[in-house]
Each structure stands twice: as C-alpha cells, then as structure tokens.
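Novice: Sequence and computational prediction follow.
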Amino acid sequence: MDSILDIVMARDPFEKEFHQAVTEVIESVKPVLDRNPEYRHAGIMERLIEPERVVQFRVPWMDDQGQVRVNRGFRVQMNSAIGPYKGGMRFHPSVNLSIMKFLAFEQVFKNALTTLPIGGGKGGSDFDPKGKSDNEVMRFCQSFMCELFRYLGPYTDVPAGDIGVGGREIGYLFGMYKKLKNEFSGVLTGKSLNWGGSLIRPEATGYGSVFFADEMLSTRKQSLKDKVCLVSGSGNVAQYTIEKLNHLGAKVLTLSDSSGYVYDEKGIDDAKLQYIMYLKNVKRGRIKEYAEKYPKAVYTAFDAGTDHNPLWNHKADCVFPSATQNEINAKDAQNLVNNGVYMVSEGANMPTMPDGIDIFLDNNILYAPGKAANAGGVAVSGLEMSQNSMRIRWSRQEVESRLKSIMQSIHASCLLASEEYGTPGNYVNGANIAGFIKVADSMMDQGIV
Ligand SMILES: NC(=O)C1=CN([C@@H]2O[C@H](COP(=O)(O)OP(=O)(O)OC[C@H]3O[C@@H](n4cnc5c(N)ncnc54)[C@H](O)[C@@H]3O)[C@@H](O)[C@H]2O)C=CC1
Ligand SMILES: O=C(O)CCC(=O)C(=O)O
C-alpha cells in the first residue's frame, strides 16, 4: 500500500491535507485489499485517489469601491460510482487544491455511508466573505456560477454549503444558475424553503452528529442527558449541535471562531443560542461579543504561538469539534483524555490530527470520525434532492426521523465493518471500510472508467 501513497506524494508533493486523508483510508482498508485481491487487480485504490475531474477557474468581481478583484474557484469531482457528485462549497481564504481534494476524498466515503445514491465532490474559493457587504457577496457568487454552471446539473453534480457558504450564498448561486440554464432544477441543496429547500437541512449536520454520539454512548449504556460538552466553531454545524444537545438535556460550555473561544460555565442555553444565531447569521460578528453580552462567560483569544488549543483543556464528558480541519493535535487530545472526556463526535471534517486520533483510540475513547458523524448534512441534502425530484415536501418530523434512522444505520455499518475486519469498536476503520467496499464494488460493476 505504500506504493499508493508514493504515487500521491510524487504527483502532488505539497498537498499535505490530501495526503493526510488518503493515508488514513489506506491504513484502514489494507486488510480489505488483502482479503479481496480483485480490488488491487482492478486498480481501485489507484483510481480512487485521482479525481475524475478537477475544474479550476478565475472569479473576477467588483467590490463596493469599484475595484476589480480576482479569486480562484475550484470544483473537485472526485468519484461518481454511486451517484452524481455531491458535496459542499467552501469560501475561505485558506482554500487551495489540497484542501478541496481532501474534502472531496472524504466526501466519497461519507456519501457512500449515507445509504443514498450520491457520489463525492467538493468545491469552493479562496474568497473571504468576512467583512464583505451583501452586494459584494452577490457579485462574487454570480461570477463564480458564471463559470461553474457548465459542470453542474441535477444528474451530474449538486453542490451545497460548507464553511462560508450558507443560505445567503446558496440563494445567489442558485439565482445565477437558473438564469444561465433557463431551468428551475434541484441543482443545489441547502436552498431556502420557499424555493425547493428541505426542512431540517440547516439543522441536519449538527443534529446528525448528536444522534451519532447518542448511538455510540448507548453501546456503553449511557445517554447524553446531563453530559457536559465542549463544542468548537459557532457556525451552522456548531449551532445545531448545541440546539440538539440542549434538547437532550446536555450542557454545552464552549464555542469558538477563528479568533478565539468562549467558556460559559453556566452553559449555553437556548436563549443564549438564539443570540449566537443572531450574532453569527445576521450581524456576522465575532464570538468575543458573546462574552460582552454574557459577562460571566470568559473569552480567550487564540495565540498562534502556542502548541495547543486551550478550548480543549476543560473538564467535560463529550466533545463535538465543529469548526475546521486539524483543530485537535496530539497535545489537545491528551488534554481531553486527562480531563475525563470519553466521547468525541466530529461535526467538522478531519478536525483531529492523526496522532490525536491515535491517542483517542489508545485510550478507548468513543471516537467518531467526521465522515461518519457529520454525514447527516449530506444525507438530508440527498433527501432534498429526492423531494425536488418528486416535487413534494416532507414534514419536519418525517425528515428528522429519516435523518435519525440514517445516522443509526451509519453507526451500525461502522460497527459491523470494524468487527468483520478485526478491530471491533474502531469507528475510523469501520467508516473507511464500509464506505470503501460500497464504492469499490460499484466501480467493479461499471468497468474501467
Ligand atoms: N454545513 C454542513 O452541512 C457541513 C459542514 N461540515 C464541516 O463542519 C465544519 C464547520 O462548517 P459550517 O458550520 O458549515 O461552517 P460555517 O461557516 O457556518 O461555520 C464555521 C465556523 O467555524 C469557525 N472557524 C473557522 N475557522 C476556524 C478556526 N481556524 N478556528 C476556530 N474556528 C474556526 C468560523 O468562525 C465559523 O464560526 C467544517 O469543517 C465543514 O467542512 C461537515 C459536514 C456538513
Ligand atoms: O450537503 C452537501 O451536499 C454537502 C455537505 C458537506 O459539504 C459535507 O458533508 O462536508
């Protein structure tokens, strides 16, 4: 298997996030390839690490001062063995091809786990929506779609949101797609309810990660009631993680953004959550304003010079990393273990670094990797596509109950695969193996394409 990694490293030596994601999957699926040599013979892994298509393009737009600015747009169409490419778009200054490819690669296995017919892709831009006016965001989204529309379609590629892309951006992107194609189709998910969106899509990733956590805890005869939790991020995933945790009787102490974090020992209850939703989704302010509004909460700015993230150094039972990749290093993981944490459910994609994962696994922590725990978002996107095709709308209750049963089914497939391949209870191996087998078998069925 080293040779696969050698290929990746030789082809794209600087794509460190992509290497990280590929290495983890390769380590997990080695026993599957040993038991099924036909996958090796068919070059399944060699094909999986090479995107079916990568689009990179210029996105020129005009700011409010009349100055022309240029950003870079991407769409990585990774694998379509089980359905049209599906995955979010990220607008953040850190976006580059390595980050796009790691996210698209993860998405392939995640989408396979959902039980729905969706392939994997991801896209985005190094555009930073922070501090931009609505008009600037609209002009950017329109220019972005003016190029990307050629590669999309309800049976080809159906993007959605991710960091920096929420309901506002999906609206502007959809408006331009509709105009260019002269067609009203379900080509994006995360749409507003008035024009084809699904109930529960905004809630789905956070709720799903909590449902997955509940499933993991139930294997040890526990529940989330009265559990003390740390959550990072303060965007879409973090907000609805807190909402569901509160409903289930847990207590959440933390939230963060890229500048720092707040610790509220009284707990972030529903009223405080409403304020966060206003602060982040309407005012588009910074998390430090939370501590100004609730003075008993403590705000700590992140210090780029330290070797750990202080958010992860508090006493708690359960942890929901919901901000971004590589936000938990080995020292953070050790701090969490030392502080009594015994469950980690990843709302974000790849938030734990490999040596941090080893620490969780060595300490028998219930640890769910993002591609299993945060699959609820894309799963409800898949349900949005189904509703669009059938031209109907399911009730809140219907979508939430489908989401819950999808998360239970992902949990069961991870456990089954981890047992079948000799590492019972290891959700990393379970998720990688279960996702891999479904995609690999579909690729085998479809020949060498
Ligand atoms: N939105 C969705 O449906 C899904 C999102 N995810 C993942 O969840 C994570 C969060 O995404 P969303 O909540 O959708 O994005 P968002 O844009 O709504 O929120 C992201 C939050 O993370 C914070 N953040 C960004 N960089 C940070 C850093 N370096 N340190 C601390 N905080 C930081 C931002 O300030 C923001 O509050 C990402 O890893 C994303 O890929 C995964 C599955 C689905
Ligand atoms: O809803 C979707 O299509 C994609 C969600 C997403 O970007 C993710 O699962 O990371």
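Specialist: Received, thanks. Ligands and ions are numbered 1, 2, ... in the order given.
Novice: How about the residues of the stretch 151-300 of the chain by ligand 2?
Specialist: Ala160, Asp162, Thr189 (C-beta under 6 Å from any ligand atom). Where you see a C-beta, it was placed from the backbone N, CA and C, and this is true even at glycine.
Novice: Near ligand 1, list only the ones from these.
Specialist: For ligand 1, the contacts drawn from those by C-beta under 6 Å from any ligand atom are Asp162.
Novice: Give me the pLDDT value at Ser3.
Specialist: Note for Ser3: predicted pLDDT of 88.
Novice: where does this protein have low pLDDT?
Specialist: 1-2 (pLDDT under 70).
Novice: quick one, strands of it?
Specialist: Secondary structure of the chain (DSSP state E): strands located at 53-62, 68-79, 85-91, 120-125, 157-161, 228-231, 251-252, 254-256, 260-263, 298-301, 318-320, 343-345, 366-368.
Novice: Check which strands are paired with the first one and give the direction for each one.
Specialist: In this case it means strand 53-62. strand 68-79 (antiparallel) (DSSP bridges).
Novice: still on that earlier bit, turn the strands of the chain into a markdown table, including mean neighbour count.
Specialist: Output for those, formatted as a markdown table (neighbours: other C-beta atoms under 10 Å):
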| stretch | mean neighbour count |
| --- | --- |
| strand 53-62 | 16 |
| strand 68-79 | 20 |
| strand 85-91 | 28 |
| strand 120-125 | 30 |
| strand 157-161 | 25 |
| strand 228-231 | 25 |
| strand 251-252 | 22 |
| strand 254-256 | 29 |
| strand 260-263 | 22 |
| strand 298-301 | 14 |
| strand 318-320 | 29 |
| strand 343-345 | 27 |
| strand 366-368 | 25 |
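Novice: which stretch among those comes nearest Pro424?
Specialist: strand 366-368 (12.7 Å; C-beta to C-beta).
Novice: Give me the helices and strands touching that closest one, please.
Specialist: Of the remaining helices and strands, those touching strand 366-368 by 3 or more C-beta pairs under 8 Å, 6 or more residues apart in numbering; DSSP states H and E are helix 201-218, strand 343-345, helix 354-362, helix 427-445.
Novice: Which of those sits closest to ligand 1?
Specialist: helix 201-218 (3.8 Å; C-beta to the nearest ligand atom).
Novice: Show me what counts as buried in that closest one.
Specialist: Neighbour counts over helix 201-218 (16 or more other C-beta atoms under 10 Å) mark 201-217 as buried.
Novice: ditto for stretch 19-31
Specialist: Under 16+ other C-beta under 10 Å, the buried positions of stretch 19-31 are His19, Gln20, Ala21, Val22, Thr23, Glu24, Val25, Ile26, Ser28, Val29, Lys30.
Novice: number of nearby residues for Gly171?
Specialist: Here the number of neighbours of Gly171 (other C-beta atoms under 10 Å) works out to 17.
Novice: Quick check, Tyr155 in contact with Pro84.
Specialist: Yes - using C-beta atoms under 8 Å, Tyr155 is in contact with Pro84, at 5.6 Å.
Novice: Of the two, which one has the most company?
Specialist: Set side by side, Tyr155 and Pro84 show more neighbours around Pro84, with 20 against 10, by other C-beta under 10 Å.
Novice: Need the phi and psi values for the more buried one.
Specialist: Here is the backbone geometry of Pro84 (degrees, to the nearest 10): phi -60, psi 150.
Novice: now swap in the one 10 residues further on and tell me
Specialist: Main-chain dihedrals, Ser94, degrees, to the nearest 10: phi -80, psi -10.
Novice: That one: what's its closest spatial neighbour, skipping adjacent residues?
Specialist: Asp126 (7.4 Å; C-beta to C-beta, 6 or more residues apart in numbering).
Novice: Residue of the stretch 1-150 of the chain nearest ligand 1, please.
Specialist: Gly88 (6.0 Å).
Novice: who's in contact with the closest residue in space to Gly120 that isn't next to it in sequence?
Specialist: Spatial nearest neighbour of Gly120, excluding adjacent residues (C-beta to C-beta, 6+ apart): Val108 at 3.2 Å. Residues near Val108 by C-beta atoms under 8 Å, 6 or more residues apart in numbering: Leu48, Met78, Asn79, Gly119, Gly120, Gly435, Val439.
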